[in-house]
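Q: sequence and predicted structure, then a few things I'm wondering about:
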Amino acid sequence: MPALTSRAFRGIAATTPKDAPMTEIADPRDRLIVALDLPSVQAAEGLIDRIGDAATFYKIGYQLGYAGGLALAERLAARGLKVFLDLKLHDIGNTVEEGVRSASGSGATFLTVHAYPQTMRAAVRGRGAGLKILAVTVLTSYDDADAAEAGYGLPVAELVAKRAAQAAEIGIDGLVCSAAEAGSVRRIVGPDRLIVTPGIRPAGTEAGDQKRVMTPGDARKVGIDHVVVGRPITGAADPRAEAQAIVAELA
Ligand SMILES: O=C(O)c1cc(=O)[nH]c(=O)n1[C@@H]1O[C@H](COP(=O)(O)O)[C@@H](O)[C@H]1O
């Protein structure tokens, strides 16, 4: 299991004065998306078995996807679990459109693309029924200095807001941002688009390489729809208990 090695978590306090409304989700477990950032399908299936019915939604990204995880995604969806394909597509429009079209047959519920206008338009063109496209605004491992180093002339909060507005205009289904921006993103995109927040750290856990972090309880107050949690669960001595504790904080 990957170890968290740096920066003890202090967190960003939720800034919304009173609790923002969350969208209706019948089963509170659906709010938690467990990131299967693991080296093999065997390891992922072992974790899913240990978590049991404490989680209903799993994310497959680069690490597992390139190690047999795409076939696993189809098997999990066939078992009735929800799957988030975190492919973070970004390429010329034709390649993105056709890639999204291929992924539309996987049974996944969510697929990520980076929030560049050309990429988002292509993703909307390729989107098949049943697949929701999430646009990643600014990665939660970035702070203002990282954005400047990458050549952006805007602080992270402004870049997130700009991309959220573009995503809504283009017809993207949901946004990935940190919980710190969730309140402002909700005001920009309205109630009908999903807000999905990684960079979630239960109190006392380490941030690792995440820079814009928040606890599940604080994220709940700012109107997120789903949180994405990886290492605090994959690295826990009891992943099932950790997942249950996070769902309880979100409920
Ligand atoms: O698209 C994502 O899921 C994502 C976007 C982002 O801005 N930040 C981010 O951490 N993620 C993903 O969310 C997960 C977070 O994992 P942990 O930091 O281990 O909880 C990883 O799988 C990341 O790839």
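A: That came through fine.

Q: okay, now the residue of the stretch 101-250 of the chain found nearest the ligand: neighbour count?
A: Residue nearest to the ligand within the stretch 101-250 of the chain: Gly230 (2.6 Å; Cβ to the nearest ligand atom). For the C-beta atoms, the positions are set from N, CA and C on the backbone; glycine is no exception. For Gly230, the neighbour count with other Cβ atoms under 10 Å is 21.

Q: setting aside sequence neighbours, what's the nearest residue to it?
A: Ala35 (3.4 Å; Cβ to Cβ, 6 or more residues apart in numbering).

Q: for the record, mean pLDDT for the helix or strand where Arg220 lies?
A: Assigned by DSSP states H and E, Arg220 falls within helix 216-221. Mean pLDDT, helix 216-221: 95.

Q: stretch 115-122 now?
A: Stretch 115-122 comes out at a mean pLDDT of 98.

Q: would you mind listing the buried residues in it?
A: Of all the residues in stretch 115-122, those buried under the rule 16 or more other Cβ atoms under 10 Å are 115-116, 119-122.

Q: can you show me the helices along the stretch 1-150 of the chain?
A: For the stretch 1-150 of the chain, helices defined by DSSP state H, counting those that start in this stretch occupy the ranges 41-51, 62-64, 70-78, 93-103, 117-126, 144-149.

Q: would you turn those helices into a markdown table with distance to the ligand?
A: Shown next, in a markdown table, are those (distance: least, Cβ to the nearest ligand atom, whole Å):
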| stretch | distance to the ligand |
| --- | --- |
| helix 41-51 | 13 |
| helix 62-64 | 8 |
| helix 70-78 | 14 |
| helix 93-103 | 15 |
| helix 117-126 | 14 |
| helix 144-149 | 12 |
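
Q: could you identify which of the ones you listed is most buried?
A: When you average the neighbours per residue for each of these (mean count of other Cβ atoms under 10 Å), helix 117-126 leads with a mean of 20.
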